[in-house]
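Asker: compute the structure for the input listed below.
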Amino acid sequence: MKADLKIMIVDDEFHILNSVQKVVSSRYPEIDIDLVDSPNQCLEKVRNQNFDLIITDIVMPGMGGFQLISKIKSVKLNQKFIIMTGLATPAMCDQATNLGAETFLPKPFTREELLNAL
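Answerer: Okay, the predicted model is just below:
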């Protein structure tokens, strides 16, 4: 993995943000990681910065992860995403694939599953 990567993690649950950051940082301490707890914060950051990867939840208040991805893809076509959700269904997996997500991670996922998705 490149040392100068920048990742954003989007989830409304603080313990998920913390856990994902700890796992990624433990394996790749050189990666710059931004944590945001809402899709609107994510959109604001994406307007002003470039991210190599965005890891996002699907179910969040105000705006879901699929809508977030669609909005970002409308201005940054090549943005890469990993989707994580506690409500994994085959239809959600299909929708994630159709939106161009790199990986679909059903919660709870293991440390190894997360690291392999990167």
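
Asker: in stretch 25-32, which residues are buried?
Answerer: 28, 31 (16 or more other Cβ atoms under 10 Å). C-beta coordinates here come from the backbone N, C-alpha and C atoms, glycine included.

Asker: for it, which outside residues touch it?
Answerer: 1, 3-7, 24, 33, 115, 118 (Cβ atoms under 8 Å, 6 or more residues apart in numbering).

Asker: that stretch - what's its average pLDDT?
Answerer: Mean pLDDT, stretch 25-32: 94.

Asker: next, the distance between the ends of that stretch.
Answerer: Length of stretch 25-32, first residue to last, Cα to Cα, to the nearest Å: 9 Å.

Asker: follow-up on the earlier one: looking at the contacts of stretch 25-32, which are in helices?
Answerer: 24, 115 (DSSP state H).

Asker: who does whichever strand or helix holds residue 56 pair up with?
Answerer: Assigned by DSSP states H and E, residue 56 falls within strand 53-57. Strand pairing for strand 53-57, determined by DSSP bridges: strand 6-10 (parallel), strand 81-85 (parallel).

Asker: ok so, going back, got the contacts of stretch 25-32 as CSV, with neighbour count columns?
Answerer: Formatted as CSV, the contacts of stretch 25-32 follow (neighbours: other Cβ atoms under 10 Å):
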residue, neighbour count
1, 11
3, 9
4, 8
5, 16
6, 15
7, 21
24, 22
33, 19
115, 14
118, 17
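
Asker: show me which pair in the contacts of stretch 25-32 is furthest apart.
Answerer: 4 and 115 (18.7 Å; Cβ to Cβ).

Asker: straight-line length of stretch 25-45, end to end?
Answerer: Terminal-residue distance, stretch 25-45 (Cα to Cα): 20 Å.
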